[in-house]
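A.B. asks: sequence and predicted structure below; questions after.
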Amino acid sequence: MRSVGAALPKALTSLGIARRTREAQALWLWPQVVGEPVARETRALKLTGGTLLVTASSPALAHQLHLERGMLIARLNERIGVPAVREIRFRQSSA
């Protein structure tokens, strides 16, 4: 007989819950990774296929974050625990 701890990861994966949990974690962790001042000016919208879509309040901020995306990806993945984020795309928010 297998323990619940051994069976749970496979069950979560088969249901697609593990992937959705990582997606939610990326969105939730974004403000912690970038810090409060940047978090007020940005918003992580969704993680799809390893690409995190983030809006920024200005083109200059979007460009600056684009230059720092390697470090941001590493920080997010470290906190998530798996390489869930492979790319970050930035765009200016419409509002």
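C.D. replies: Received the coordinates, thanks. Numbers count the residues shown, from 1 in each chain.

A.B. asks: what residues sit buried inside stretch 37-45?
C.D. replies: 38, 42, 43, 44 (16 or more other C-beta atoms under 10 Å). Every C-beta, even on glycine, is put in place using the N, C-alpha and C of the backbone.

A.B. asks: nope, stretch 70-78 is what I was after
C.D. replies: 72, 73, 75, 76, 77.

A.B. asks: could you do stretch 51-60 as well?
C.D. replies: If you call a residue buried by 16+ other C-beta under 10 Å, then stretch 51-60 has these buried ones: 52, 53, 54, 55, 56.

A.B. asks: quick one: mean pLDDT over it.
C.D. replies: Mean pLDDT, computed over stretch 51-60, is 97.

A.B. asks: and it, how far from the chain's centre?
C.D. replies: 13 Å (C-alpha atoms, centre = their mean, to the nearest Å).

A.B. asks: ends of that stretch, how far apart?
C.D. replies: Criterion C-alpha to C-alpha, to the nearest Å; first-to-last residue distance in stretch 51-60 is 21 Å.
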